[in-house]
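> Sequence and predicted structure below; questions after.
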Amino acid sequence: MIEATGLTKRYGDKTAVDGLTFTVRPGRVTGFLGPNGAGKSTTMRMIVGLDRPTGGTVTVNGKPYAQHRAPLGEVGTLLEAKAVHTGRSARSHLLAQATTHGIDPRRVDEVIEATGLASVAKKRAGTFSLGMGQRLGIASALLGDPQTLILDEPVNGLDPEGVLWVRHLLRGLAAEGRTVFLSSHLMSEMALTADHLIVVGRGRLVADAPVQEIVARASSTTVRVRTPSAAELEAVLARQPGTGVTSVAHDLIEVTGSSAPQIAAVAAHAGLVLHELTPVQSSLEDAYMQLTASEVEYRSTTADTPAPDATVLARPAGSTRPTSGAHR
């Protein structure tokens with residue numbers, strides 16, 4: 001279990017994490033979401049003692065991380081897959097970790113096999129692809145057979161088979177009663193993997209609830225209706241209190257404020273034929289975008305904002321760069 005209370009981190013005038021209080025419980029996969037710059041990585045680093053909190057506390061399995069006598073047996077982490085000596089082989093890297101933490105060397109072979117690294121175990125880590133580097137990072141996290149796992153973007157660089165493997169791995173570990181805490185920007189994968197979500201924005205807690213509850217909050221009662229009598233049905237539905245109708249195509253309308261059964265009943269009463277009646281469900285991505293709409297620190301150019309001068313984007317290497325207003 002991970003428990004944070006009033007967790008705060010400041011770097012000079014900037015507050016990266018602002019009074020976060022949350023609990024990551026065992027037996028489920030908890031996703032950690034937020035825009036770039038929201039404080040996710042800083043929070044994870046504070047959990048495992050790599051950054052010292054400016055204020056508040058955080059414990060893992062009842063203690064600050066630094067107070068555990070055998071931390072790899074308590075917490076497995078993947079915060080930076082490239083944090084490996086590039087000249088060492090995958091097996092040597094894992095064996096060094098096992099030796100320094102009193103872990104049976106036979107465990108190294110177990111995690112190599114479990115993470116699909118057997119064929120490259122003797123190759124230098126510096127030659128690994130991004131996906132293989134991720135597998136090695138996950139192997140390191142599993143090495144101590146920990147009760148708690150903290151993974152930052154674990155599927156980054158993995159192919160579809162690897163993504164599916166990670167999903168099954170994490171859900172299996174949670175089913176064993178372990179605590180699994182992971183961040184990802186892949187909303188579709190988070191929707192399939194996580195049971196619970198903690199969402200942050202600009203260092204503050206935005207949401208802390210089960211995935212289904214967060215999606216349900218964002219769901220609107222929109223129903224797609226396809227009918228050869230779209231104009232007639234639109235006119236009938238417009239007379240229903242609280243019902244809104246939007247024409248999408250000559251035979252397709254979208255209805256808000258009425259459920260699919262209600263629309264079917266209205267159409268039947270009016271003698272109108274329906275070819276499609278589909279409730280539109282919001283996705284986790286829809287819910288996330290709603291939750292964090294006002295929390296995004298870095299925004300890309302959209303149709304509503306002017307694009308940068310193309311001459312600036314195409315400026316040759318070595319030419320003078322404008323410095324006024326630059327953000328680093």
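Nice, thanks for sending it over. Numbers count the residues shown, from 1 in each chain.
> gap between the residue nearest to residue 51 when sequence neighbours are not counted and residue 241?
Of all residues not flanking residue 51 in the chain, residue 45 sits nearest, at 4.3 Å (C-beta to C-beta, 6 or more residues apart in numbering). C-beta here means a position set from N, CA and C on the backbone, and glycine is covered the same way. Shown here: residue 45 relative to residue 241, a distance of 53 Å by C-beta to C-beta, to the nearest Å.
> more crowded one of the two?
Between residue 45 and residue 241, counted using other C-beta atoms under 10 Å, the more crowded position is residue 45 (20 against 6).
> what sits against the spatially most central residue of the chain?
Most central in the chain under C-alpha atoms, centre = their mean is residue 184, positioned 2.9 Å from the mean C-alpha point. Contacts here follow C-beta atoms under 8 Å, 6 or more residues apart in numbering; on that basis residue 184 touches 31, 33, 153, 154, 155, 190.
> Go through these and flag which are in helices.
In helices, defined here by DSSP state H, the members of the contacts of residue 184 are residue 190.
> Just among the contacts of residue 184, which is most surrounded?
In terms of neighbour count, residue 154 stands highest of those at 28 neighbours, by other C-beta under 10 Å.
> Quick one, grab the pLDDT at that residue.
Looking at residue 154, its pLDDT stands at 92.
> what does residue 301 give?
We have a pLDDT of 51 for residue 301.
> Repeat that for residue 298.
We have a pLDDT of 54 for residue 298.
> quick one, helices of this protein?
Using DSSP H, helices in the chain cover 40-47, 71-74, 90-100, 106-114, 130-142, 160-175, 187-193, 211-218, 230-237, 260-270, 284-291, 310-313.
> just checking, what packs against the fourth one?
So that's helix 106-114. Packing contacts for helix 106-114, counted by 3 or more C-beta pairs under 8 Å, 6 or more residues apart in numbering; DSSP states H and E, involve helix 90-100, helix 130-142.
> Convert the C-alpha atoms of it to CSV, please.
Presented in CSV, the C-alpha positions along helix 106-114 are these (Å, rounded to 0.1, in the frame of the first residue of the first chain):
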residue,chain,number,x,y,z
ARG,A,106,18.3,-18.1,-9.4
ARG,A,107,15.8,-15.4,-9.3
VAL,A,108,17.7,-13.6,-12.1
ASP,A,109,17.0,-16.5,-14.5
GLU,A,110,13.3,-16.6,-13.4
VAL,A,111,12.7,-12.9,-14.3
ILE,A,112,14.7,-13.2,-17.5
GLU,A,113,12.5,-16.0,-18.6
ALA,A,114,9.3,-14.3,-17.4
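> contacts for it?
In this structure, residues lying in contact with helix 106-114 by C-beta under 8 Å, 6+ apart are 90, 91, 94, 95, 98, 118, 121, 139, 142, 143, 144, 145.
> 6 Å - rerun?
94, 95, 98, 118, 121, 139, 142, 143 (C-beta atoms under 6 Å, 6 or more residues apart in numbering).
> From residue 78, how far out is the last one?
Right, residue 143. 11 Å.
> cool, the third one as well?
Separation of residue 98 from residue 78 (C-beta to C-beta) stands at 17 Å.
> Looking at these two, which one has more neighbours?
Per other C-beta under 10 Å, whichever of residue 98 and residue 78 has more neighbours is residue 78, with 23 against 20.
> How about the contacts made by the more buried one?
Contacts of residue 78 (C-beta under 6 Å, 6+ apart): 137, 138, 141, 151, 154.
> do the same with residue 200
Counting by C-beta under 6 Å, 6+ apart, the residues that residue 200 touches are 34, 38, 39, 206.
> make it 10 Å
Residues near residue 200 by C-beta atoms under 10 Å, 6 or more residues apart in numbering: 17-18, 20, 22, 32-35, 38-40, 43, 183, 206-208, 291-292, 295.
> roughly how far apart are it and residue 48?
17 Å.
> Also residue 221?
On the measure of C-beta to C-beta, residue 221 and residue 48 end up 43 Å apart.
> what's the answer for residue 7, then?
From residue 7 to residue 48 the distance is 13 Å (C-beta to C-beta).
> neighbour count winner among these two?
Neighbours around residue 7 and residue 48, counted as other C-beta under 10 Å, are more numerous at residue 7. The numbers are 25 against 20.
> Surely that one touches residue 47?
Yes. The criterion here is C-beta atoms under 10 Å, and residue 7 meets it with residue 47 at 8.7 Å.
> tell me, what's touching the two both at once?
Common contact partners of residue 7 and residue 47 (C-beta under 10 Å, 6+ apart): 53, 58.
> Is residue 274 in contact with residue 264, as I believe?
Yes. Using C-beta under 10 Å, residue 274 makes contact with residue 264 at a distance of 6.7 Å.
> For those two, list the residues in contact with both.
Joint contacts of residue 274 and residue 264 (C-beta under 10 Å, 6+ apart) are residue 225.
> what number of residues lie near the closest residue to residue 23 other than its chain neighbours?
Nearest residue to residue 23 in three dimensions, chain neighbours excluded: residue 3, at 5.1 Å (C-beta to C-beta, 6+ apart). Counted with other C-beta under 10 Å, residues neighbouring residue 3 total 17.
> For residue 3, give me its contacts.
Applying C-beta under 10 Å, 6+ apart, we find residue 3 in contact with 21, 22, 23, 24, 25, 47, 57, 58, 59, 60, 61, 62.
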